[in-house]
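*Asks:* The sequence isn't on hand, but the structure is:
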C-alpha cells in the first residue's frame, strides 16, 4: 500500500494536532471526574466510619449498663456471653477505626468487603478526632480490665465494671460531641469538594464545547478550501481529458479502469461505458483468448517491482493489435490499436498503470498496402527474371499448362457429385492437378505460384483428413484458383511487354468467384485464348537474341536446376545425368505428360531416394547423389527412365506406416506383398515422409504419375534395391 506523501502530511498536520488536543481535553476531564469521584467516595466512607464509631460507642455504653444491671448472673449464660462478645468486638472496632481516621489508614467495609483508603483529616477535624480518641483512651483501659476477668467466676470484677460504667457516663457524651463535630466537618469538606468538582467539570465541558465549535469552524473552512482545490484540479484534469486525442486511463492491480479517462477513449475503444469496468471484460471477445491471457500476465509483471519496465515493455501483446468490432453496427470496421503501458509511482511503490491508446489503423493499413505493393513488385521481378532466363517455349508451355490445370480444376468443381465417394474423387483429382501445377512452378523458381499452390494443398490436405465432406468445403479453393489465374496472366503480360516488336495480344483476365457450381467459367476460357497467342520465340529487335535451337539442352538444364534446388532445400547434393534427353524427339502429345512425370519422379528421387551427405558417407557412397533421367523412342512407344543411387524402397517402413496410420492392422500389413505395398505407395494421400513441406510428404506425387500413366494407356514398372537404388520405368504408347 502506498504511503502518504510529505505534502499530504503537511496539509493534515493541523487537523491531526487539533483532534489530538480535543481528545486530550476530553481525556483530562474524564480523568479529573474519575479522581474526584474517588475522593468523594473516600469522604463518604469517612463519614460512614465516623458514624459507625459513634454507634459502636453507644453500643459499648449500653452493654456496660446491661452487664452492670445483670451482675451476679451466671457468666456462662447465653445472655452474658453474647453481651461480653459484642462489647469486645465494639471495643476493637472503635480502636481500629479511630486509629485509621486519625492517620488516614485503610479500612475494610463489613457490608461489601471492599477496602478503602481513608482521607487524611486536618485542622478542626483532626482536633475532633484527637478529642474523641482522648476520651476513648480513658474508657478503653477500664473496659479491657473488666473484660480480662469478666467470665471468671473465681474473680470479683464488680469494681472494674463499676469504674468502667462511671467512666462511660462521662466519656460517652464527650466522644459523641467530638464525633458529631468530626462528621459535620467531614460532610462540609465533602460538600465543598463536590461544589468545586462541579464547577471544574462545568468549566471543562464549556471549554471542550467551545474548542469543538472552533475546531468545526476551522475544519469546515479548510474543507471548503480543499474542496475548491480538488474541484479546480478535477476541472483541469477534465479539460485535459476532453482535449487530448488519445485514450488515457489508469489501471489498478485488479485491472479495473479508473473513474476518469479521456473522452477520446470511448471513440477509440468503441464503448460508451468504461469507467470502473474491468479491462479484461472490455477486451474479451475483441482479441484472441491467447492475447487476452498474455495481457493479464503482462500487466501482472508491470506491477512486479523486480521486473524492469523497459524489459517487460518489449513483451507488450497489445502493440498494434486488431480490435474486433463488438457492436452490431456493420459500418464499424475492425481497428488496429496501439496500447502503451507506464508505471505510476507513489514514493517507491507502484500505485497504478497509465495506459495510452492510439488508433493506428491508418498507419497499419498503409504498411499493409506498402507490403502488398512490395510483394507484387518482388513477384513481378521474380517472374521477369524467369522469363528472361528460361526458354520462351518452356514459359509458354507453363502458361498453357497452368491454364489447363486451372480449367480442369474448374471443371472438376463444376461436376455434380454429392455422395462421399464422388466428393473424395473430386478431392483427389483436384489435389493431383494442384500438385502438378506446383511442381512446374517450383521447377521454374516461381515461388509466388508455389506459395499459393502450397496453401491450397494445405487446405486440400485438411479436407482429406476431416472425414465427412460436403460441397461447400470446396468453395475455399476458388480464391486460390483466382490468384493462380491472375499470376498466369501477369506472366503473359510481362512476356508481351518484353516482345517490343509484337503488338500486345494477351489480355489480363479477371475472374469473379461466385460458388462451387460456377467457378472461373468465363475467365479461364478468355485467358486460355489470350495465352495461346503468346509468341513461341522472343526477338527483341536489336536487344537480346535467344537461340531456340537448343531446346533439348534447355530442357536438361531445366531439370538439372530443378533437382539441385530441391536438394538444396532438403540439405542434400545431387547430380543429374542424361544421355538421351537431348537426343530423343518426344512426340508433341506426349511432351506434357512426360514433363509432369519427370518433375514428380525427380522430386521423389531427391526427397525420398537420395540420402543426406553424412548418411551417404557413412554408407560408403559419394556425398553427391546421382540421378539418371533417360528418354528413349522405341518406335511404337516412348520410355522414360528415372533412376537414383539412393536408399531404395524400405518395404518394412511402408508396412509400419500403413499400420500406424490405421490403413491396415499390423497383422494385415505383415501379409502384404511387395506389389501390394507398391500399390499403397502410389495411393493418394500416403507418404513415407514424416512431415510435409514444400517438396513432398503429402502423398500426391506418385498418385499423379499413376493417373498420367493410366490416362495415356501406359505401363509403370518399379525396381528397387534397399540401400542401393530405385528405378522407375514409364512406357507411354505413341498411338
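*Replies:* Looks like it arrived, so ask away. In this text the structure is predicted, and so the values were computed from the model without any measurement.
*Asks:* Distance check, the residue positioned nearest the centre of the chain against residue 255.
*Replies:* Centroid-nearest residue in the chain: residue 296, 2.6 Å away (criterion: CA atoms, centre = their mean). Remark: distance between residue 296 and residue 255 (CB to CB, to the nearest Å) = 7 Å. C-beta coordinates here come from the backbone N, C-alpha and C atoms, glycine included.
*Asks:* what do these two both touch?
*Replies:* Residues touching both residue 296 and residue 255 by CB atoms under 8 Å, 6 or more residues apart in numbering: residue 280.
*Asks:* Wasn't residue 190 part of a strand?
*Replies:* No: in this structure, residue 190 is helix, not part of a strand, as judged by DSSP: H, G, I helix; E, B strand; the rest coil.
*Asks:* so what's it scoring on pLDDT?
*Replies:* Listed pLDDT for residue 190 reads 76.
*Asks:* For the residue nearest to the centre of the chain, give its distance to residue 280.
*Replies:* Per CB to CB, residue 296 is found 6 Å from residue 280.
*Asks:* What of residue 456?
*Replies:* Computed with CB to CB, the distance linking residue 456 and residue 280 is 38 Å.
*Asks:* quick one: low-confidence parts of the stretch 351-500 of the chain?
*Replies:* Judged by pLDDT under 70, the stretch 351-500 of the chain has its weakly predicted residues at 376, 379-380, 382-384, 386-391, 416-417, 495-500.
*Asks:* What segments of it are helices?
*Replies:* For the stretch 351-500 of the chain, applying DSSP state H, counting those that start in this stretch gives helices covering 361-389, 392-414, 420-443, 447-466, 477-498.
*Asks:* Quick one: closest of the ones you listed to residue 656.
*Replies:* Between residue 656 and these, the shortest separation by CB to CB is 19.5 Å, and it involves helix 447-466.
*Asks:* who touches the residue nearest to residue 204 when sequence neighbours are not counted in this structure?
*Replies:* Closest residue to residue 204 apart from its sequence neighbours, by CB to CB, 6 or more residues apart in numbering: residue 29 at 4.1 Å. Residue 29 makes contact with 201, 204-205, 208, according to CB under 8 Å, 6+ apart.
*Asks:* following the host helix or strand of residue 29, which helix or strand comes up?
*Replies:* Here residue 29 sits within helix 6-69, counting by DSSP states H and E. Using DSSP H and E, the helix or strand that follows helix 6-69 towards the C-terminus is helix 78-103.
*Asks:* which strands and helices sit next to that next one?
*Replies:* helix 6-69, strand 106-108, helix 124-149 (3 or more CB pairs under 8 Å, 6 or more residues apart in numbering; DSSP states H and E).
*Asks:* Nearest to residue 419 among these would be which one?
*Replies:* Comparison of the helices and strands packed on helix 78-103 against residue 419 by CB to CB identifies helix 6-69 as nearest, at 80.2 Å.
*Asks:* shared neighbours of residue 296 and residue 280, anything?
*Replies:* Contact with both residue 296 and residue 280 is made by residues residue 255, according to CB under 8 Å, 6+ apart.
*Asks:* domain assignment for this protein?
*Replies:* For the chain, the structural domains run 13-216, 244-359, 386-532, 551-650+688-733, going by automatic domain parsing.
*Asks:* Of all these, which one comes closest to residue 238?
*Replies:* domain 244-359 (7.6 Å).
*Asks:* What is the end-to-end distance of the closest one?
*Replies:* Domain 244-359 has an end-to-end distance of 13 Å (CA to CA, to the nearest Å).
*Asks:* Pull the distance from it to the chain's centre.
*Replies:* Chain-centre distance of domain 244-359: 12 Å, with CA atoms, centre = their mean, to the nearest Å.
*Asks:* Next: stretch 602-615.
*Replies:* Taking mean C-alpha positions (CA atoms, centre = their mean), stretch 602-615 and its chain are 47 Å apart.
*Asks:* Over it, what's the mean pLDDT, rounded is fine.
*Replies:* What stretch 602-615 shows for mean pLDDT is 90.
*Asks:* Count the residues that sit near the closest residue to residue 52 other than its chain neighbours.
*Replies:* Take residue 52 and drop its neighbours on the chain: the residue closest to it by CB to CB, 6+ apart is residue 97, 6.4 Å away. For residue 97, the neighbour count with other CB atoms under 10 Å is 18.
*Asks:* Only the buried residues of stretch 122-129, if you could.
*Replies:* 125, 128-129 (16 or more other CB atoms under 10 Å).
*Asks:* quick one: least confident helix or strand in this structure?
*Replies:* Lowest by mean pLDDT, DSSP states H and E among the helices and strands of the chain is helix 521-532, with a mean of 35.
*Asks:* Which strands or helices does whichever helix or strand comes after it pack on?
*Replies:* Counting by DSSP H and E, the next helix or strand C-terminal to helix 521-532 is helix 551-570. Taking 3+ CB pairs under 8 Å, 6+ apart as contact, the helices and strands that helix 551-570 lies on are helix 392-414, helix 420-443, strand 574-577, helix 588-604, strand 625-633.
*Asks:* Dump the ones you listed to JSON lines, plus mean neighbour count and distance to residue 61.
*Replies:* JSON lines is the format used below for the helices and strands packed on helix 551-570 (neighbours: other CB atoms under 10 Å; distance: least, CB to CB, whole Å):
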{"stretch": "helix 392-414", "mean neighbour count": "21", "distance to residue 61": "139"}
{"stretch": "helix 420-443", "mean neighbour count": "21", "distance to residue 61": "133"}
{"stretch": "strand 574-577", "mean neighbour count": "19", "distance to residue 61": "145"}
{"stretch": "helix 588-604", "mean neighbour count": "20", "distance to residue 61": "142"}
{"stretch": "strand 625-633", "mean neighbour count": "20", "distance to residue 61": "145"}
